[in-house]
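In: Coordinates for the following, if possible.
(2 chains)
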Amino acid sequence: RKEVEQDPGPFNVPEGATVAFNCTYSNSASQSFFWYRQDCRKEPKLLMSVYSSGNEDGRFTAQLNRASQYISLLIRDSKLSDSATYLCVVNPTSGSARQLTFGSGTQLTVLP
Amino acid sequence: DVKVTQSSRYLVKRTGEKVFLECVQDMDHENMFWYRQDPGLGLRLIYFSYDVKMKEKGDIPEGYSVSREKKERFSLILESASTNQTSMYLCASSSPRRGGETQYFGPGTRLLVL
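Out: Residues are numbered from 1 along each chain as shown, chains lettered A, B, ... in the order given. Next comes the predicted model:
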């Protein structure tokens, strides 16, 4: 079983739609969670951290369910510029605290 | 603004060649990482370093070595390139003092081994 699992998609949604991505992680001791965004042929960049209480940044909402070992990202009012691959990222803490484990990503295309 | 640069965007090498991939960061970060990214497999950690001359194996170190002689520079070496090392290679850095676990990535090197 992969340490971090994501639905690869692709998700094709019209502009203005709401879309949600899910991610599960296998290590129950994991402490830190993130969503990174990777544009086509570019490097990953941090989108947002995920806190236990859930957090929101504009149109983006991230939530964590520790009991189910599940992380989600909700994008409201999708824009064309949201088209990218979204990577779920976990600090597993089983190894060095400096390491991160990346999911293989969920591809989103927002259509005009 | 953090800047991580990699020596080449695209590289074509032949099987058996020695390949050097260089990464430089300008933010005085302690930690540096080398990943490879392949379709369907995501980013996999090859090696990382948390200090000058220190290195630790990641998940897939076989066929690779690294060097960190200066804090800002982390090199990935393929001693004898093979076709299964064709991939996108990404370097990243982070600092436990600033931003904690956030990793900042370079633009990547697409390596083709023929």
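In: going forward, measure contacts between C-alpha atoms and count neighbours the same way
Out: OK.
In: show me where pLDDT drops low in the chain?
Out: Assuming you mean chain A. Counting by pLDDT under 70, the low-confidence segments of chain A come to A:1, A:93-97.
In: That was the other one, I meant chain B.
Out: B:1-2, B:98-100.
In: Flag every residue of it that's near chain A.
Out: Within chain B, the positions lying close to chain A (C-alpha under 8 Å from any C-alpha of the partner chain) are B:31, B:39-44, B:90, B:96, B:101-108.
In: In strands, which of those appear?
Out: Residues of the residues of chain B next to chain A located in strands (DSSP state E): B:31, B:42, B:43, B:44, B:90, B:104, B:105.
In: residues in contact with the fourth one?
Out: Residue B:44 is in contact with A:101, A:102, B:35, B:36, B:37, B:59, B:60, counting by C-alpha atoms under 8 Å, 6 or more residues apart in numbering or on different chains.
In: can you put those in CSV and add secondary structure?
Out: Shown next, in CSV, are these (DSSP: H, G, I helix; E, B strand; the rest coil):
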residue, secondary structure
A:101, strand
A:102, strand
B:35, strand
B:36, strand
B:37, strand
B:59, coil
B:60, coil
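In: ok so, going back, report the two of the ones in strands among the residues of chain B next to chain A separated the most.
Out: B:31 and B:42 (20.7 Å; C-alpha to C-alpha).
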